[in-house]
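S.K.: Next one to model:
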Amino acid sequence: MGEDKIDSASPFYPGSGDQPGNLISHVILKGDNYLAWSRAITLSLKSRRKFGFVDGTINKPAEKKKLLDWETVNSMLVSWVLRAIEPKIAASIPYFEEVKKLWDYLEKRFCESSGPRLQQLRAAITNCKQTKAMSIEEYYTTLMGYYGDLLRLKPPHGCECGKCECDVAAKIELDREEEKLHQFWVGIDDDKYSVVRTNLLSQQPPTSLERAYQALLQEERSRNIAQSKSQTEDAHVFALLLDRKSVQSSHRVDKSKLYCTHCKRSGHENSGCFMLHGYPDWWLEKYGKKGGGPSAARPSSSAPAATLSAASASASTAAAPRHAATDHGKAVVRAIAVGGVSSSPSPDTLSALSDLQPEHIKNSVEYGHQPPTG
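M.R.: Reported below is the predicted structural model:
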């Protein structure tokens with residue numbers, strides 16, 4: 001029994017979480033994302049020591065005893081690969097018993113290393129720009145994804161003889177990293193990060209791609225903090241303005257409900273009556289002399305005052321005994337004469353107006369308009 005036990009370090013050893021229906025990758029093959037999908041599947045299988053079944057390093061054994069273990073792991077890997085493919089694409093894939101044959105078929109079908117595909121990737125790298133709505137991290141991830149696909153389709157050449165002593169492969173890799181760095185600078189948002197780019201490009205020795213990426217991330221965070229603070233201050237000012245407007249509207253008085261018991265007019269109260277307290281300076285500046293404003297603010301209009309004045313003068317000079325001026329008539333004449341001098345009535349005018357009765361005005365008007373006799 002001890003000889004049949006599989007070592008935990010062996011690729012044939014099934015882990016506690018290894019089940020045929022497991023989803024071993026968060027990336028699902030949809031057709032145009034084969035390179036990203038194959039990288040994710042490769043990393044997942046290597047972490048479980050089972051990628052040798054896919055690349056052919058672990059071949060199908062001839063021994064019956066080992067064949068059963070191989071078939072068990074192989075069938076589980078076929079299930080994992082199909083589980084990580086979109087159902088519509090998985091339904092179109094022919095049946096393969098070996099995971100290596102399935103892997104080779106998928107690579108031939110979706111991994112195109114043709115000229116148009118390479119041209120498409122190079123154009124995507126050239127046109128990759130950071131938009132206003134794109135963060136530094138999103139822009140960096142997109143650009144590096146294009147470079148990763150290009151590297152997978154067209155890997156760089158290195159020394160194959162093993163006799164090179166100048167380390168040309170490392171120099172080629174440095175050139176590729178420098179190309180990535182400059183392409184990264186070309187695509188960033190100039191309105192936001194041109195100053196940072198100028199400072200880093202002027203450094204000696206030249207900065208690396210990772211250092212440039214970290215510097216732009218810090219600048220982006222600083223801008224976001226400043227923008228958030230500015231938006232918070234604007235919101236506070238706007239709320240304060242709304243509060244002031246609400247307070248002003250709540251303290252606003254409806255003048256249509258006000259009434260003055262002194263001048264018997266609406267629109268103000270006794271405390272704000274000009275006839276009672278005198279006319280302010282702004283009234284003189286706006287309407288000229290006192291009493292020159294709107295008729296609603298004056299105690300009486302000029303036309304009725306002139307009519308009553310003329311009627312009173314006629315009454316005082318007429319000789320008809322039946323329309324002789326009485327004491328009340330004199331009071332009317334005195335009140336009109338005094339009131340016509342100033343728009344601010346004196347105590348004598350108010351006293352005379354208090355004794356005025358409707359019949360006095362009627363008699364004065366009738367007497368003033370009576371046609372002359374003889």
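
S.K.: For the rest of this, base every contact and every neighbour count on C-alpha atoms.
M.R.: Fine.

S.K.: does residue 178 count as helix, strand or coil?
M.R.: Classification of residue 178 by DSSP: H, G, I helix; E, B strand; the rest coil places it in helix.

S.K.: actually residue 221, not the one I wrote
M.R.: Applying three-state DSSP: residue 221 is helix.

S.K.: Could you count how many residues lie near it?
M.R.: Applying other C-alpha atoms under 10 Å, we find 11 other residues in the vicinity of residue 221.

S.K.: Equivalent analysis for residue 184, please.
M.R.: So residue 184, with other C-alpha under 10 Å, has 22 neighbours.

S.K.: check contacts around it.
M.R.: 140, 143 (C-alpha atoms under 8 Å, 6 or more residues apart in numbering).

S.K.: What backbone torsions are found at it?
M.R.: Main-chain torsions, residue 184, degrees, to the nearest 10: phi -60, psi -40.

S.K.: can you tell me how far it sits from residue 111?
M.R.: Applying C-alpha to C-alpha, to the nearest Å, the value for residue 184 to residue 111 is 26 Å.

S.K.: Equivalent analysis for residue 182, please.
M.R.: 28 Å.

S.K.: Neighbour count for those two, which is higher?
M.R.: Shown here are residue 182 and residue 111; by other C-alpha under 10 Å, residue 111 has more neighbours (19 against 12).

S.K.: The residue nearest to that one when sequence neighbours are not counted: how many residues sit nearby?
M.R.: Spatial nearest neighbour of residue 111, excluding adjacent residues (C-alpha to C-alpha, 6 or more residues apart in numbering): residue 34 at 6.5 Å. Using other C-alpha under 10 Å, the number of residues around residue 34 comes to 20.

S.K.: Now the element after the host helix or strand of residue 170, going C-ward?
M.R.: Here residue 170 is covered by helix 168-187, with elements defined by DSSP states H and E. Next helix or strand after helix 168-187 toward the C-terminus (DSSP H and E): helix 190-201.

S.K.: angle of that following helix against helix 168-187?
M.R.: Between the axes of helix 190-201 and helix 168-187, defined by axes from the mean of the first three to the mean of the last three C-alpha atoms, to 10 degrees, the angle is 150 degrees.

S.K.: Okay, now the unreliable bits of the stretch 201-350 of the chain?
M.R.: 229-253, 288-350 (pLDDT under 70).

S.K.: try it again with 80
M.R.: 226-257, 283-350 (pLDDT under 80).

S.K.: Quickly list the domain ranges of the protein.
M.R.: Under the assignment automatic domain parsing, the domains of the chain span 1-111, 113-156+167-246, 255-297, 300-374.

S.K.: Neighbours of residue 30, how many?
M.R.: Residues near residue 30, counting by other C-alpha under 10 Å, number 16.

S.K.: Am I right that residue 86 is in contact with residue 26?
M.R.: No. With contact defined as C-alpha atoms under 8 Å, residue 86 does not reach residue 26; the gap is 11.9 Å.

S.K.: Which of these two has more residues huddled nearby?
M.R.: When residue 86 and residue 26 are compared for neighbours, residue 86 comes out ahead with 13 against 10, by other C-alpha under 10 Å.

S.K.: Return the backbone torsion pair for the more buried one.
M.R.: Dihedral angles for residue 86 - degrees, to the nearest 10 - are phi -60, psi 140.

S.K.: contacting residues around it?
M.R.: Going by C-alpha under 8 Å, 6+ apart, residue 86 touches 28, 29, 30.

S.K.: Kindly provide the distance from the nearest residue to residue 270 once chain neighbours are set aside to residue 42.
M.R.: Using C-alpha to C-alpha, 6+ apart and skipping residues adjacent in sequence, the residue nearest residue 270 is residue 260, 5.0 Å away. Distance of residue 260 to residue 42, given as C-alpha to C-alpha: 93 Å.
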